[in-house]
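Participant: coordinates only, sequence not included:
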């Protein structure tokens, strides 16, 4: 079978974006041209690769999911053989979600320092290390503690931020005037955070946090984007929600109340494929403004047990057995 690698790249980018418009922009194509490439690939493989039943949301079919790893592998091998035909030295950085602080870091590196970085977004059910090992990205942000044991060969990591969590409430909520909210006071309370498109690292983190705090977390519904999620909280349509303090509240009518005693923090790590030169990783960290060591976790900080061993900001490889 002789398949045009441009068709494979169309599948890979569409899987990363899950949106024909964004994928077409990354590829320098019109949406119509991208759709034709996917259709050609489906014809070559004799299977439907993209589920188009819902016009607002694109997802791969079972056949598409099966074909994706092989497509990524072919492109990775091609780029190693002839980098000029690949990304011309550009690095793909997975940011987990465009609404997070990670996107700000990449934007800073590209705009202020001119680093050749492309933002990619992992599929919902894919972790950072899986994306790296499958060739979907060169660097990825996520939780090192979410990487399954034993630690995979060929992947390195560095802790870059312990992001405190807060509760997002409307300006007239009873918590809005508080300077901080002890975690114990959440016991029996009702919070809302839809998980329809939430990354796996956040799902497991939120589940453990809510178990610790004895909080009922409503995960139903859809955010329809960052702005709509905030609007639903602001207007009281939905219950208060959780937000990382490094994220800027999208509306002045919102109030973020820091959680304390203990303070739950999301342990952000940068993971990368070990074949990346050390100088390249160092340049990326410098461009993103992440050269300073992340603050060490004190006794008043909480992270899931799986993340405890990764709280040394200087470590790039796990302990034995991880």
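Facilitator: Happy to help now that I have it. Keep in mind that what you see is a predicted model, and the values were worked out from it rather than measured.
Participant: what is the end-to-end distance of stretch 186-204?
Facilitator: Between the opening and closing residues of stretch 186-204 lies a distance of 19 Å (Cα to Cα, to the nearest Å).
Participant: now residue 94: how far from residue 120?
Facilitator: Here residue 94 is placed at a distance of 5 Å from residue 120 (Cβ to Cβ, to the nearest Å). (C-beta placed from N, C-alpha, C; glycine too.)
Participant: by mean pLDDT, point me to the weakest helix or strand of the protein.
Facilitator: Of all the helices and strands that make up the chain, the one with the lowest confidence by mean pLDDT, DSSP states H and E is helix 62-81; it has a mean of 77.
Participant: residues in contact with the next helix-or-strand element following that helix?
Facilitator: Tracing the chain C-terminally past helix 62-81 and defining elements by DSSP states H and E, one meets strand 91-94 next. Strand 91-94 is contacted from outside by 106, 115-122, 128, 131, 136-142, 276, 280, 284, using Cβ atoms under 8 Å, 6 or more residues apart in numbering.
Participant: just for the stretch 51-200 of the chain, where's the confidence low?
Facilitator: Across the stretch 51-200 of the chain, the stretches falling below the confidence threshold (pLDDT under 70) are 53-57, 76-89.
Participant: could you pull out the helices in it for me?
Facilitator: 62-81, 101-111, 128-133, 200-213 (DSSP state H, counting those that start in this stretch).
Participant: identify the residues contacting residue 74.
Facilitator: Shown here is residue 74, whose contacts under the criterion Cβ under 8 Å, 6+ apart are 5, 8.
Participant: quick one, domains of this protein?
Facilitator: For the chain, the domain assignment from automatic domain parsing gives the residue ranges 1-86, 163-265.
Participant: re earlier: any chance of a markdown table for the helices of the stretch 51-200 of the chain, columns distance to residue 156?
Facilitator: Converted to a markdown table, the helices of the stretch 51-200 of the chain look like this (distance: least, Cβ to Cβ, whole Å):
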| stretch | distance to residue 156 |
| --- | --- |
| helix 62-81 | 18 |
| helix 101-111 | 17 |
| helix 128-133 | 10 |
| helix 200-213 | 17 |
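Participant: for this structure, which strand is longest?
Facilitator: strand 155-170 (DSSP state E).
Participant: quick one, it and helix 101-111 angle?
Facilitator: What separates the directions of strand 155-170 and helix 101-111 is an angle of 120 degrees, with axes from the mean of the first three to the mean of the last three Cα atoms, to 10 degrees.
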